[in-house]
Structures are given as C-alpha cells and as structure tokens.
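Chemist: okay, here's the prediction I keep looking at, along with the sequence it came from:
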Amino acid sequence: MTTQQAAKFETIAVHGGSFRADPVTGAVVPPIYLTTSYQFQNTEHARRIFGLEELGYTYTRTVNPTREFLERRIAALEGGVGALALATGKAASLYALLNLARAGDNVVVSADIAKGRHAGLPITLHQLGIEVRLACADDVGSFVRLTDARTRAYFVESLSVPELRPFPIESVADTANQLGVPLIVDNTALPLSCRPFELRAAVVVYSAAEYLGGHGTTDGGLIVDGGGFSWEAHAARLPTLVEPDSSYHGVVWTELVKKWKASPFVARTRAHLLRDLGAAINPLAVFHLIQGIETLPLRLRRHNANAQQVAAYLAGHPKVSGLASGAALIGFDLADTQATTRFKKALWLFESAATYGGVRSAVIAPSTAANHVLLSIGLENPRDIIGVLQAALAEA
C-alpha cells in the first residue's frame, strides 16, 4: 500500500513524499544538507540544468534536498501536486500573489485580511503598483463585483484571526473558477480540519511557525498547488504563467513543466521570485518543520479536545461574552479594559505571544479590542488550563 492509497493523515504525515531512506547510509530520517552549492559533472551538465533542460541542484537558495523532503511531504498531506517551502509565512503569501499579479493588476481579498495578521500586505502590494480590493467575506457577490479583466487572484483566510470567522471557501471557489480567477487560501489556522483543495481552491499557503512546526522554535512558509485549477485554460487572465518569461530564457512556464508533470505555479515561484527575492528557508529549519509535521495529527487532536473543554467552561461563565472559537483558538470579551488587564496578568500558565498553535497555551496579542481576549489552547492537561482560567476570571 502506498501512502497515497492509505490516505490517512497520520500515515502521510510520517511517510508522505518520496523519502524512505537515505540511499547512501540507509538513514530513515531525512538528512540535513547544509550546503550552498552542488558539484556539476561538467560544464555541459551545468548548462542543461541552468537552461531548465533537466532537473538538478544549482544553488540552495532555490533548491535543496532537505527542502524537497518537506515540500513533497506537505504536498502529499495537503493533496496537492507541488509545493515550495520558504523562510516565512509572510513570504509565502506575498510570493503567491506576486507570482500572478504585476504593477497595474489587482487582487481581491477578504476584508478580514486588512485587519488581521496580513494587515500590512495590502500596503506592500500597493507600493508595488498592485491594487488590493477588499471584499465582504459574507457576500460572495462582492468578489464578483470587484473583479475585472486585470484581477489576478482572490486571497482569503480559511479562519480569520483574530475574529475567528470561517470563510465560505467552496462558494467563493465556485465563483472564482467560473471567472478563471485562482482562489488562494491561507489555511494556517485550520490544517487538516479544513481541506481547501476539496473545496476547489487553487492554492494553499501556510505559515509553518504555528501548528505545522508546533513548538515555537522555527519560522517557515509553504505554498501548495492543488492541481485542480487549469492555469493554461485561463491564459488571458494569467499572463505571468503563459507568456514568455524574459527573466528566464523566455520560457513559458505552463509549457516547460509538462515534461515533468510539475506545477507551473510552483515552478515559476521558485525559479523567478525565490531566485530574485531570496526568502530561502534554512535546511536546519526545514528539518525542524519535518519533525513537527510528523506529529501534527496527534497534536491537533489534543489541541482541539482541550479547546472544546475550555470553550464549554467559558460558555457558562457570567463574566464572558461574545464567545467564538475555531479549532484550538478561542476568543471572548470581558467587561472592560481594566478587567481584561487583570485577567491576562493572572494567566500564569499562558504565554503572552504574537502567534498561536504551539504546545504551550498562550494569550495572543494584539487582539480585536482592548477588552477582547484571544487564547491559543495548548497541550497541557485541560484541568490545569481551566483551573488557571477560573482563577484569572475571579480577578477580572
């Protein structure tokens, strides 16, 4: 049985991708290739690789064996046809959009993007000459109304953070596919529980510092092409993938990758944006992320089970209002700023952090308002977590 046939998250997380053992030593854990350069067989071999006539290793900024292990693993786990690992989640989101949009183009994004962890992205894109149009997440029609001939992509979060509002991926994806617009989904908050490709999204991006890594030690980002969106069929809307690329020998990415049955989206992102902008992830960081992904299904079950118990406790507390949850994230309001300050100060078990998804429970900053609390529930014993919350609420 292959890992694809097994199709169970726990199996794919450990065995997904093509790595079984190192062919030289037999090591079953993917080796860390801490090298910048690779030995070419001769000048003709180098010419063929740089000329994209055959696959091979050139320079670690664009390709590295350790990174390939991670890319193949996440593509298998996500159900995609290709992936690219980058230094940060921000780089993954930015590269995914810049791979399609150029100065004078526009992208339509969920309005929640401008208020959450991606708040700086519209400003950056504007500075690059790309217009960002904000659509209402609750109104599929708003995406359509904001779309014109220069719209290159839709970009949304599967779960908006800190609002904890789920996005209607399937409805917008159906509309996007009819218009030939690729839907890019940031699925950082809902790995495994949300399956964007099954809902017909085109591309998924992750910040790997949260649940994928899971231990608060390693930054990283991932781009995955689901393989269900036909880049070639929408040539007029997606010129970067179907027109000759003057920065790379005039190749047409949708044509070039056919001989390898690869993703033109991933290929251009790697060969163009990663080459020129350089957000390369360190092989040691990649190794840490591989270790994190191998335990991801187990950790998520514990995260979510703990969060369900915590949410049930908070739902019955008289000082809590506006309770919302998504996976292992819980948000709620307290009476006022002073009560919220006292509450957070008493959370001795919780980290005060800017991100979520780690093994340790955390109170996340910034939140939506001064009296709002956003919690990331970790892997501690749920009785201990609830005990700390109970004592902190007594102080609020």
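Modeler: Structure's in. What do you need?
Chemist: can you give me the helices for the stretch 251-396 of the chain?
Modeler: For the stretch 251-396 of the chain, helices defined by DSSP state H, counting those that start in this stretch occupy the ranges 253-256, 264-268, 275-277, 283-294, 296-315, 337-345, 382-395.
Chemist: out of these, which gets nearest to Phe197?
Modeler: For the helices of the stretch 251-396 of the chain, the distance to Phe197 is smallest for helix 264-268, at 13.1 Å, taking CB to CB. In short, each C-beta sits where N, CA and C put it, glycine included.
Chemist: for the residue lying closest to Gly226 once chain neighbours are set aside, give its distance to Ile184.
Modeler: Nearest residue to Gly226 in three dimensions, chain neighbours excluded: Phe197, at 3.7 Å (CB to CB, 6 or more residues apart in numbering). Separation of Phe197 from Ile184 (CB to CB, to the nearest Å): 12 Å.
Chemist: mutual contacts of the two, please.
Modeler: Val204 (CB atoms under 8 Å, 6 or more residues apart in numbering).
Chemist: between the two, who's got more neighbours?
Modeler: The neighbour count for Phe197 versus Ile184, taken as other CB atoms under 10 Å, is higher for Ile184 (26 against 23).
Chemist: mind checking the SS state of the more buried one?
Modeler: Three-state assignment for Ile184 (DSSP: H, G, I helix; E, B strand; the rest coil): strand.
Chemist: would you enumerate the residues in contact with it?
Modeler: Contacts for Ile184 (CB under 8 Å, 6+ apart) come out as 93, 96-97, 153-156, 201-205.
Chemist: you'd agree Gly141 is in a helix?
Modeler: Yes: membership of Gly141 in a helix is supported by three-state DSSP.
Chemist: what's around it, how many residues?
Modeler: Around Gly141 there are 10 other residues, counting by other CB under 10 Å.
Chemist: excluding chain neighbours, what is closest to the residue positioned nearest the centre of the chain?
Modeler: Nearest residue to the geometric centre of the chain (CA atoms, centre = their mean): Tyr206, 0.9 Å. Closest residue to Tyr206 apart from its sequence neighbours, by CB to CB, 6+ apart: Leu222 at 4.4 Å.
Chemist: what is the helix or strand hosting that neighbour packed up against?
Modeler: Leu222 belongs to strand 221-225 when assigned by DSSP states H and E. Applying 3 or more CB pairs under 8 Å, 6 or more residues apart in numbering; DSSP states H and E, one finds that strand 221-225 makes contact with helix 65-78, strand 82-86, helix 89-98, strand 203-207, helix 264-268.
Chemist: switch the cut-off to 6 Å
Modeler: On a contact count with 3 or more CB pairs under 6 Å, 6 or more residues apart in numbering; DSSP states H and E, strand 221-225 meets helix 65-78, strand 82-86, helix 89-98, strand 203-207.
Chemist: distance between the first one and the chain's centre?
Modeler: Read it as helix 65-78. 14 Å (CA atoms, centre = their mean, to the nearest Å).
Chemist: pull the residues that contact that helix.
Modeler: 12-13, 16-19, 30, 32-33, 82-83, 85, 204, 222, 224, 283, 286, 289-290 (CB atoms under 6 Å, 6 or more residues apart in numbering).
Chemist: and those residues, which are buried?
Modeler: Among the contacts of helix 65-78, those buried by neighbour count (16 or more other CB atoms under 10 Å) are 12-13, 16-17, 19, 30, 32-33, 82-83, 85, 204, 222, 224, 283, 286, 289-290.
Chemist: pairing partners for the strand holding Leu222, with directions?
Modeler: Applying DSSP bridges, strand 221-225 is found paired with strand 82-86 (antiparallel), strand 203-207 (antiparallel).
Chemist: about what we covered before: right, so of the helices and strands packed on strand 221-225, which gets closest to Thr43?
Modeler: Counting by CB to CB, Thr43 lies closest to helix 65-78 out of these; the figure is 22.7 Å.
Chemist: need the contact list for Asp105.
Modeler: So Asp105 contacts 130, 150, 152 (CB under 6 Å, 6+ apart).
Chemist: which of those residues count as buried?
Modeler: For the contacts of Asp105, a burial check counting by 16+ other CB under 10 Å picks out 130, 152.
Chemist: tell me the one among the contacts of Asp105 nearest to Thr217.
Modeler: Ile130 (33.5 Å).
Chemist: care to break this structure down by domain?
Modeler: Annotated domains of the chain cover 3-294, 297-395 [automatic domain parsing].
Chemist: just send those back as TSV, with mean pLDDT too.
Modeler: Formatted as TSV, those follow (pLDDT from 0 to 100):
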stretch	mean pLDDT
domain 3-294	93
domain 297-395	94
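Chemist: can you give me the neighbour number for Leu334?
Modeler: Other residues within reach of Leu334 by the criterion other CB under 10 Å amount to 22.
Chemist: what of Val310?
Modeler: Burial of Val310 is recorded as 20 neighbouring residues (other CB under 10 Å).
Chemist: and His126, by the same measure?
Modeler: His126 has 11 nearby residues by other CB under 10 Å.
Chemist: list the contacts of it.
Modeler: Listed by CB under 6 Å, 6+ apart, the contact set of His126 is empty.
Chemist: redo that, cut-off 10 Å
Modeler: Contact partners of His126, counting by CB atoms under 10 Å, 6 or more residues apart in numbering, are Val132.
Chemist: how near is it to Glu157?
Modeler: Per CB to CB, His126 is found 20 Å from Glu157.
Chemist: wait, doesn't the residue nearest to Gly226 sit right on Val203?
Modeler: Yes: contact criterion CB atoms under 10 Å: Phe197 and Val203 qualify, at 9.2 Å.
Chemist: which residues touch the closest residue to Leu146 other than its chain neighbours?
Modeler: Distances taken as CB to CB, 6+ apart put Arg133 closest to Leu146, at 4.3 Å, once the chain neighbours are dropped. Listed by CB under 10 Å, 6+ apart, the contact partners of Arg133 are 106-109, 111, 122, 142-143, 145-148, 151, 154.
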